[in-house]
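Trainee: Sharing a model prediction with you, sequence too.
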Amino acid sequence: MRSADLLPCSRTDNLVIRELDDETLVYDSERNEAHCLNQTAALVWKQCNGKTTAAQAAQFLQSSLNVVVDADLIWLAVKQLERFDLVAMTGKSPRVSRRKLLFKYAPAALALPAIMSITAPTPAQSASCAPPNAVQGCPCSSDGDCASSNCNGGTCGPPL
């Protein structure tokens with residue numbers, strides 16, 4: 001077995017992981033990002049331990065999802081996991097065409113790995129701009145709209 005056949009190791013430090021029925025939510029506190037892995041991406045991520053080959057992971061997914069899976073699908077998932085910093089970057093995974101796999105797996109499109117990601121807002125960004133408690137930087141039309149009681153040119157300013 002060549003080391004190029006092995007999947008990379010998944011990251012676990014600075015991550016908050018919640019497994020749901022058919023998806024896994026991952027919050028990366030280091031990068032302040034939240035990711036939602038569909039079942040396929042989550043299963044591949046669990047196989048990323050530096051000891052499992054793409055062929056072994058494909059067999060595992062095939063039995064878990066009851067869908068024919070090959071190593072290309074595994075490497076596509078690994079590329080996505082690398083892009084979101086959820087596995088160690090290796091740069092050795094083979095090039096895989098998402099378009100080719102889409103046609104190949106069209107009857108079972110749910111088997112394709114998918115990761116949705118957002119950057120979590122900072123506490124100041126997530127504060128409400130609804131009057132009368134709008135925080136600094138929120139739009140306003142009068143001093144009464146702002147928590148600071150300082151509507152300065154249409155924007156809530158710092159307290160006077």
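Mentor: That came through fine. Just so it is clear, the structure is predicted and the values come from calculations on it, not from any experiment.
Trainee: Around Thr24, count how many other residues there are.
Mentor: Residues near Thr24, counting by other Cβ atoms under 10 Å, number 19. Every C-beta, even on glycine, is put in place using the N, C-alpha and C of the backbone.
Trainee: For the host helix or strand of Glu82, buried residues please.
Mentor: Element membership of Glu82, judged by DSSP states H and E, is helix 71-83. Across helix 71-83, burial judged by 16 or more other Cβ atoms under 10 Å covers Ala71, Asp72, Leu73, Ile74, Trp75, Leu76, Ala77, Val78, Lys79, Gln80, Leu81, Glu82.
Trainee: From Thr53, how far out is the last one?
Mentor: Taking Cβ to Cβ, to the nearest Å as the measure, Glu82 and Thr53 are separated by 17 Å.
Trainee: ditto for the second one
Mentor: Here the criterion is Cβ to Cβ. By it, Asp72 lies 13 Å from Thr53.
Trainee: Okay, now the unreliable bits of this structure?
Mentor: Where the chain drops to pLDDT under 70, the residues are 1-4, 90-112, 120-128.
Trainee: My reading is that Leu37 lies in a strand. Confirm?
Mentor: Yes. According to DSSP: H, G, I helix; E, B strand; the rest coil, Leu37 belongs to a strand.
Trainee: check contacts around it.
Mentor: Leu37 makes contacts with Glu23, Thr24, Leu25, Val26, Trp45, Leu86, Pro113, Ala114, Ile115, as judged by Cβ atoms under 8 Å, 6 or more residues apart in numbering.
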